[in-house]
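Enquirer: below are the sequence and a predicted model for it; my questions follow.
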Amino acid sequence: MFNRFRGSDWMPEPCRSCPRQAIDFGGCRCQAFQLTGDAAATDPVCELSPNHAMIINVVRAVNQGHEAMPDFIYRH
């Protein structure tokens, strides 16, 4: 299984053409699997992921009623 995710040939878009590819290596495979059911999916925590809205929705739900908490901003 580890060999499947070596290099960048396995990466879907937007990871395949992302300028951060060599920095984050497509994100976390465990996190992508846990959140999408597909270990090869773009990590939903990435703002470029087609599944990023699920992270935003969870953070908003957790933050409801907590005015002291800042808005969630990921890796800017």
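Expert: Alright, I've got the coordinates.

Enquirer: next one, pLDDT for Arg29 please.
Expert: Reported pLDDT at Arg29 in the predicted model: 93.

Enquirer: tell me the mean pLDDT over the longest helix along the chain?
Expert: Ranked by residue count under DSSP state H, the longest helix found in the chain is helix 52-63. For helix 52-63, mean pLDDT is 86.

Enquirer: what residues of that helix count as buried?
Expert: His52, Ile55 (16 or more other Cβ atoms under 10 Å). In this view, the C-beta of every residue, glycine as well, is placed from N, C-alpha and C.

Enquirer: and for stretch 29-45?
Expert: For stretch 29-45, using 16+ other Cβ under 10 Å, the buried residues are Arg29, Gln31, Ala32, Leu35, Thr36, Ala39, Ala41, Thr42, Asp43, Pro44, Val45.

Enquirer: so where does the fourth one fall, helix or strand?
Expert: Think Leu35. helix 29-36 (DSSP states H and E).

Enquirer: alpha carbons only: can I get that helix in CSV?
Expert: The C-alpha coordinates for helix 29-36 follow below in CSV (Å, rounded to 0.1, in the frame of the first residue of the first chain):
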residue,chain,number,x,y,z
ARG,A,29,-3.6,9.9,2.8
CYS,A,30,-5.1,8.7,6.1
GLN,A,31,-7.1,12.0,6.5
ALA,A,32,-8.2,11.8,2.8
PHE,A,33,-9.4,8.2,3.4
GLN,A,34,-11.1,8.9,6.7
LEU,A,35,-13.0,11.9,5.3
THR,A,36,-13.8,10.7,1.7
